[in-house]
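*Asks:* below are the sequence and a predicted model for it; my questions follow.
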Amino acid sequence: MLSKSLTLSLSLLGLAAVVLGDHSFTFRNNCAGTVKPVIANVNCGYSPRCTTPGSGGVPNPAINYNGPQPNTLSKGQSQTLRINRQWNGRIFNQNGRCGAKGESCTMTEYNLDTGSFWTPQAYDISNIQGFTQSIRIEVGGCDTVTCTNVNCGCKSAYPPGDLSGCGNDSPVRGCSAGDKSWTVTFCP
């Protein structure tokens, strides 16, 4: 009996650790109307970090986020959720025109805990499939990236229709390893 209780307790503790995650993401709405932030997994979309261990030659394969989606946020509201280490995905405002993974919309993109010595955390703003939203990414101790209009330039975001990655992926920012506090602001 004690063995079953101990096993159940350890299982629940392990589940709690997975649910709590390691990165804190705050979603902030500075827009005049409501926003509906969406967290989308794209493990094998634009990254070699599929869910298979060792895939793409990467020591840390991506792990899906399986927690709750953010609430719809009214003007001035914010919400904080935890996202697990090794997440590879997108965050965007589902305005009714976006696909399930942010297609056709402005999105923020993340490749967290990559295992790379040079860019352990990579992030950017992408308007490649369309500009729909001014947005900002802030992360403690790393570069803040803001795009407030369709012409914000390669220093801040991938422009609409530019599949070349600005020629050198200049919109991508790298950040040091470890748990981070991220803030995604809609209408900064």
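*Replies:* Everything's here; your move.
*Asks:* next SSE after the helix or strand of the chain with the lowest mean pLDDT?
*Replies:* Counting by mean pLDDT, DSSP states H and E, the weakest-scoring helix or strand in the chain turns out to be helix 2-20, with a mean of 43. Once the chain leaves helix 2-20, the next helix or strand it forms, by DSSP states H and E, is strand 23-29.
*Asks:* pull the residues that contact that following strand.
*Replies:* 35, 37, 39, 70, 73-85, 87, 91, 112, 179-187 (CB atoms under 8 Å, 6 or more residues apart in numbering). In this view, the C-beta of every residue, glycine as well, is placed from N, C-alpha and C.
*Asks:* ranges for the strands of the protein?
*Replies:* Here the chain has its strands, by DSSP state E, at 23-29, 37-41, 78-83, 88-93, 107-111, 121-126, 135-139, 145-147, 173-175, 181-186.
*Asks:* dump those strands into a markdown table; add distance to residue 158 as well.
*Replies:* Shown next, in a markdown table, are the strands of the chain (distance: least, CB to CB, whole Å):
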| stretch | distance to residue 158 |
| --- | --- |
| strand 23-29 | 21 |
| strand 37-41 | 17 |
| strand 78-83 | 22 |
| strand 88-93 | 12 |
| strand 107-111 | 9 |
| strand 121-126 | 4 |
| strand 135-139 | 12 |
| strand 145-147 | 9 |
| strand 173-175 | 12 |
| strand 181-186 | 16 |
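*Asks:* mean pLDDT, distance to residue 163 and mean neighbour count added to those strands, as CSV?
*Replies:* As requested, those are arranged in CSV below (pLDDT from 0 to 100; distance: least, CB to CB, whole Å; neighbours: other CB atoms under 10 Å):
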stretch, mean pLDDT, distance to residue 163, mean neighbour count
strand 23-29, 97, 28, 21
strand 37-41, 96, 20, 20
strand 78-83, 97, 27, 16
strand 88-93, 94, 17, 25
strand 107-111, 93, 14, 25
strand 121-126, 93, 11, 23
strand 135-139, 98, 20, 22
strand 145-147, 98, 18, 21
strand 173-175, 91, 20, 17
strand 181-186, 98, 24, 20
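*Asks:* mind checking which of these is nearest residue 160?
*Replies:* Judged by CB to CB, the one of the strands of the chain that comes nearest to residue 160 is strand 121-126, at 9.5 Å.
*Asks:* identify the residues contacting that closest one?
*Replies:* Contacts of strand 121-126 (CB under 8 Å, 6+ apart): 106-114, 135, 137, 139, 142, 145-147, 152, 156-158, 171-177, 180, 182.
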